[in-house]
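**Q** need a structure here:
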Amino acid sequence: MGKSYIEKRVIQAGVELCEQRINQKGTRITPDDIKTLKVKTFSPVMQGVYIALGVLLFVFGMWFQYMVGNMAVSMGLVLIGFLNAAYGIHGRPRQASAIPNLNLVDLSAEIVRAVAGEEGEMTR
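**A** Predicted coordinates:
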């Protein structure tokens, strides 16, 4: 079953929430619980692009400071590069309820199946 990277991240976050609740002797998750999950909405490729661009700007700013000595320009480039890389690593998290075209009922069933499959493997 082909899933988008956002659905995979929602399922992964839901499995982690289930495991946390199982360890605390809690209840299973519901679609309402999935609505509160925060997931990264950048694709891995976009995250890589933001990180690479940030590193390049950071290095260019350092090189510019070394060659020209103009701190006003170089510190701006370094700061923009650092923030760009941090934004790429952070991945623009959003709540699952704010992401369009997500079927939360199907995702909660998939999460429960994934957790039940892991529990079955652990008892063998």
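
**Q** can you give me the strands in the chain?
**A** Assigned by DSSP state E, the chain shows strands spanning 38-40, 93-95.

**Q** want to throw those into CSV with distance to residue 84?
**A** All C-beta atoms are positioned from the backbone trio N, CA, C, and that covers glycine. Formatted as CSV, the strands of the chain follow (distance: least, Cβ to Cβ, whole Å):
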stretch, distance to residue 84
strand 38-40, 16
strand 93-95, 17
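
**Q** make a markdown table from those and add mean pLDDT, mean neighbour count and distance to residue 111 to it.
**A** Listed next are those as a markdown table, based on pLDDT from 0 to 100; neighbours: other Cβ atoms under 10 Å; distance: least, Cβ to Cβ, whole Å:
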| stretch | mean pLDDT | mean neighbour count | distance to residue 111 |
| --- | --- | --- | --- |
| strand 38-40 | 85 | 18 | 13 |
| strand 93-95 | 85 | 13 | 16 |
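
**Q** tell me which of those sits nearest to residue 109.
**A** With Cβ to Cβ as the measure, strand 38-40 is the member of those nearest residue 109 (17.6 Å).

**Q** who are the packing partners of that closest one?
**A** Here strand 38-40 touches helix 5-23, strand 93-95, going by 3 or more Cβ pairs under 8 Å, 6 or more residues apart in numbering; DSSP states H and E.

**Q** quickly run through the sheet partners of that strand, with directions.
**A** strand 93-95 (antiparallel) (DSSP bridges).

**Q** do you know the pLDDT at the closest residue to residue 73 other than its chain neighbours?
**A** Leaving out its chain neighbours, the residue that sits closest to residue 73 by Cβ to Cβ, 6 or more residues apart in numbering is residue 64, at 6.2 Å. At residue 64, the predicted lDDT confidence score is 92.
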